[in-house]
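[1] How does the following fold in three dimensions:
(chains A and B)
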2 protein chains.
Amino acid sequence: MDRTLAADAIRETGKTVEVAGWVHRIRDLGGVVFVVIRDRSGRLQLVTDKEFPLNVESVIRARGRIKENEKAPGGAEMELESYDVLAEAAPDLPVAVNQDPESLGLDVILDNRMISLRNPKILSIFRVQATCVRAFGDFFRSEGFTEIKTSKIIGGGSEGGTNLFSMDYFGKTAYLAQSPQLYKQTMVASGLERVFEIGHAYRAEKHETPRHINEYVSLDIEMGFIESEAPLMEIERRFMAYLFETVRSENAADLEIWGADVPDPSACDSIPIISHDEAKKLVKSETGQRALEINPEAERVLCDWAEREHGIAMVFVNEFPRRKRPFYTYPQGQKTMSFDLLFRGLEITTGGRRINEYPMLLEAVSKFGMTIEELGSYGDVFKYGCPPHGGFAIGLERITQKILGLQNIKEATLFPRDRKRVSP
Amino acid sequence: MDRTLAADAIRETGKTVEVAGWVHRIRDLGGVVFVVIRDRSGRLQLVTDKEFPLNVESVIRARGRIKENEKAPGGAEMELESYDVLAEAAPDLPVAVNQDPESLGLDVILDNRMISLRNPKILSIFRVQATCVRAFGDFFRSEGFTEIKTSKIIGGGSEGGTNLFSMDYFGKTAYLAQSPQLYKQTMVASGLERVFEIGHAYRAEKHETPRHINEYVSLDIEMGFIESEAPLMEIERRFMAYLFETVRSENAADLEIWGADVPDPSACDSIPIISHDEAKKLVKSETGQRALEINPEAERVLCDWAEREHGIAMVFVNEFPRRKRPFYTYPQGQKTMSFDLLFRGLEITTGGRRINEYPMLLEAVSKFGMTIEELGSYGDVFKYGCPPHGGFAIGLERITQKILGLQNIKEATLFPRDRKRVSP
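    Just a heads-up that it's a prediction; the model follows:
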């Protein structure tokens, strides 16, 4: 007999079908037992008047007749006729799968990650994340971008060399890349012009905050033949509208579990663009406090302001001072052609135009106390003709976190890595 | 003026347009100069009677009238009126961009990777690779699989602990994952049931062969509720047909550059399945030599046999002996429910059903001289109910290599890592 998914049972009313899944909940009312099973599509209630001697999380294959029941999940239930046990679960489940995880602390959730991921509310986070990955690829492919996969093991630092994890590479020291920055620029100059990469990035930063993890997935793009950061903000604005639209249509149930919603896609047209200087002034006028930099508190203030004044809790901040940006950022006097995108109080993107002219690069490298030699053959990209270009990166876990309103970025990471956590 | 792509110039005959790209070739015939420029879409010939004092690989923006010219690339050329220099290239280009790379050795190509990637023939490899990545995601999503992103930094070994790169993780030793194996099994058991991951995998293997690299992209799937390796081979067969169909329609020009073609998609129905024992017998009857194992030479012999007898150079080999497979492989007597897929003489996939029953896992772990404790919380996945499941992984660089008929896997890797090479 072919397997029927729980969500499709309602369409099989009156028929005898086979379902399979995890025992999610057992309610023994004495004389009648309700067993809810869970599969990838949803849940189905089985009803039996026999004993049901399994523990929750056991995996079974069950057969029976489907009948309508408005009160059951999905509007249908199965009159259980027979079942096979595919895998028995031990009784001492370390963390509840069938309860709201809100009552559990984050450490309990992460210490028991192999089991806590089964909790439908927790698991729903990663359905939303999968949509973000897919939407990113689909959107940028439709804009003529080619997907690339670049090495994460590098001989030297790509952005100044701090905060790198080091590793033993056949007896020599190598590092884990903190971004695909230099490689994506290389691939623009290779002639692909428009590239994107979905890959891990590593930061050996010691701080412990709700917005940092030491390994994350970076959604990177880089594009040629642009001469300021404006086209980058424009394409990101359109991507965000597409992403919100896609999440709304694909993940309605997941948003509902979290009581979350994405911004109205059409409101992405209204995301304001303010300069770094204006942003600091705004923070001062909103809070009465002088802002020396755009810190997490300032990011929240700016997004609240944008929501109030522009109807969307997102804001582009551009024209960052040169000293706040990496050496490769295209200068404009003391400022740069760079930007951040803030969303619901969190920086989710950093981007900008990059230096493409070789003499300007040599000057910038020296200004930042580096030498062109230490960048290895990266310099060749510019010595031999590189078009004007720029790009940005979106943090996958951050955008997932903010879409669902999660408190901590680790909740939006399957197997998060922090200073103390390197397993599971 | 909006930029016109080289490939679209033919549609602008008679009009004055602007193009932009790299100076690919300059032919000065004295009195008339032909300048071919290259952009992401193709090439366009510019004609001028003025001096053209730039080096190849300089980047320009050029304006002029388009006229038909059957002999020019793309069937059109531009009467150059004016141009701006976006980036000047130095004259001492380290490696030719506008010649067939066949004359260059692999080391020269890789030592000058930043520039050799500009060679249209070399770059075309990565357009095919991008199609492989996209086809993989599209196909498995359409089959109900959810994309996951799992950590590449692990506290211990996932498949026995050999050949792992070690790294310094805040003063402790951690490792780079050699596969997402345990995580993808966890995600099947989480309730997603069907998952795929596109991610880097690391093998600290010292051998130097045309088929090995130390960092590669693994196209992984894992699916629940299957009870042998047969459904895995079946879904891979259908994926291969989809991949070949997609590459044929998206990358016709790239295949042509390499004089390559993919197998007929419909021939994937004919991929034979032979057991490991049968494979050894076949090698013996084909070569007269006794085969102790399915080594690279045997893989070539088997694919030649499949092409001759079944019309496609691919073969599934299943029923591997238990000692040749990792501890988590589902046993069947002395054999296992596992398989490899060979394509044009190279193993491109390893897969199989995995052990899902906790008592059987405990037995297997002990048989392989391990303890359940050293697997950390991986054991919990099975202790608390895991459905029967299995999966496989395809090496992205290997499949790219074999589609195009490349001699060495490093050619199919943007920035390959081998024992000696950790940059660029």
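[2] partners of the strand or helix carrying A:I60 in the sheet?
    Assigned by DSSP states H and E, A:I60 belongs to strand A:59-68. Strand A:59-68 sits in its sheet next to strand A:16-28 (antiparallel), strand A:76-87 (antiparallel), going by DSSP bridges.
[3] Does A:L54 touch A:L46 like I think?
    No: using CB atoms under 8 Å, A:L54 is not in contact with A:L46; the gap is 11.5 Å. Glycine gets a C-beta too; all of them are placed from N, C-alpha and C.
[4] more neighbours, the two?
    A:L46 (24 against 18; other CB atoms under 10 Å in any protein chain shown).
[5] A:D264: what's it in contact with?
    Contacts for A:D264 (CB atoms under 8 Å, 6 or more residues apart in numbering or on different chains) come out as A:F244, A:G311, A:I312.
[6] Okay, and which of those map to helices?
    Those of the contacts of A:D264 mapping onto helices are A:F244, per DSSP state H.
[7] Now do the same contact list for A:D261.
    Shown in contact with A:D261 (CB under 8 Å, 6+ apart): A:R248, A:L255.
[8] Check what pLDDT it gets.
    pLDDT, A:D261: 96.
[9] State the three-state secondary structure for it.
    Reduced to three states with DSSP: H, G, I helix; E, B strand; the rest coil, the structure at A:D261 is coil.
[10] That one and chain B: what is the separation?
    With the distance defined as CB to the nearest CB, to the nearest Å, A:D261 ends up 22 Å from chain B.
[11] And that residue, how far from A:L404?
    According to CB to CB, to the nearest Å, A:D261 and A:L404 sit 10 Å apart.
[12] any common contacting residues for those two?
    With CB under 8 Å, 6+ apart, A:D261 and A:L404 have common neighbours A:L255.
[13] Quick one, which of the strands paired with strand A:59-68 gets closest to B:M240.
    Distances from B:M240 to each of those were compared using CB to CB; the minimum, 27.6 Å, belongs to strand A:16-28.
[14] for the strands paired with strand A:59-68, which one sits closest to A:D107?
    strand A:16-28 (24.5 Å).
[15] Show me what whatever helix or strand comes next after that closest one is packed against.
    Note on strand A:16-28: by DSSP H and E, the next helix or strand toward the C-terminus is strand A:33-39. For strand A:33-39, the packing partners by 3 or more CB pairs under 8 Å, 6 or more residues apart in numbering or on different chains; DSSP states H and E come out as strand A:16-28, strand A:42-48.
[16] and the shortest one, which strands flank it?
    When pairs are called by DSSP bridges, strand A:42-48 turns out to pair with strand A:33-39 (antiparallel), strand A:76-87 (parallel).
[17] shaky segments in chain A?
    A:157-161 (pLDDT under 70).
[18] mind giving me the domain split of it?
    By the assignment in automatic domain parsing, chain A contains the domains A:6-87, A:114-412.
[19] The longest one: end-to-end distance?
    Distance between the two ends of domain A:114-412: 15 Å, counting by CA to CA, to the nearest Å.
[20] which ones are touching the closest residue to A:R194 other than its chain neighbours?
    Leaving aside its sequence neighbours, A:R194 sits nearest to A:F145 (CB to CB, 6 or more residues apart in numbering or on different chains; 4.2 Å). A:F145 makes contacts with A:R194, A:V195, A:F196, A:I221, A:M223, as judged by CB under 8 Å, 6+ apart.
[21] What's the local residue count around the third one?
    If I follow you right, that is A:F196. Neighbours of A:F196 (other CB under 10 Å): 26.
[22] mind checking the SS state of it?
    Here A:F196 is recorded as strand under three-state DSSP.
[23] Across the sheet, point out what pairs with it.
    Where A:F196 sits in a bridge, its partners, by DSSP bridges, are A:E147, A:I221.
[24] one step back: tell me which two in the contacts of A:F145 are the farthest apart.
    Going by CB to CB, the pair spanning the contacts of A:F145 furthest: A:F196 and A:M223, at 9.2 Å.
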